[in-house]
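**Q** give me coordinates for this.
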Amino acid sequence: MTDEAIEDGVSTTAPPAGEPEGAPAGAESLTAVHDAINRVAGQARAAADAANAQAADLYDRIVEVSKEAASKVGPFVEEQTYVSIGLAAMAGLVLGVLLGSRGPRVVVIRDRD
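**A** Take a look at the predicted model:
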């Protein structure tokens, strides 16, 4: 038998150097794991904060560009309402055909003989 006494699954020998008195065996390695987890969590927080700031900048830029486009298109729409409606309908039709197609479609045209 070893020179340490074990009672009820708890070692009664002195803890290794660096571990506080009464700490369970392996507490030093648990502390190292805890520190590593905290370090990685800090890095994840920093990355999330950077992504959040980048998304906020992108949102602000999109709002700015959208307002600029609306100010340029607004007078045209007011002057030529029906042309604007026709252009919007054609754009919707083209997008609907392009996005609604389910794979390539082949149309074969034969001469009537």
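**Q** can you name the element that comes right after the host helix or strand of Ala56?
**A** Here Ala56 sits within helix 27-79, counting by DSSP states H and E. Using DSSP H and E, the helix or strand that follows helix 27-79 towards the C-terminus is helix 81-100.
**Q** now Tyr82: how far from Phe76?
**A** Separation of Tyr82 from Phe76 (Cβ to Cβ, to the nearest Å) stands at 12 Å. Glycine gets a C-beta too; all of them are placed from N, C-alpha and C.
**Q** quick one: which of those two has more around it?
**A** Comparing Tyr82 with Phe76 by other Cβ atoms under 10 Å, the one with more neighbours is Phe76, at 12 against 7.
**Q** please tell me how far the more buried one sits from Ala36.
**A** For Phe76, the distance to Ala36 (Cβ to Cβ) stands at 60 Å.
**Q** again, but for Leu87
**A** The gap separating Leu87 from Ala36 is 59 Å, by Cβ to Cβ.
**Q** with Gln54 instead?
**A** Counting by Cβ to Cβ - Gln54 and Ala36 are separated by 27 Å.
**Q** ok, now Val77?
**A** Distance, Val77 to Ala36, by Cβ to Cβ: 59 Å.
**Q** the more surrounded of those two?
**A** Ranked by neighbour count (other Cβ under 10 Å), Val77 and Ala36 place Val77 first, with 14 against 10.
**Q** my read is that the more buried one contacts Ser84, right?
**A** Yes. Between Val77 and Ser84 there is a contact under Cβ atoms under 8 Å: 4.5 Å.
**Q** overlap in contacts, these two.
**A** Here Val77 and Ser84 share no contacting residue, scored by Cβ atoms under 8 Å, 6 or more residues apart in numbering.
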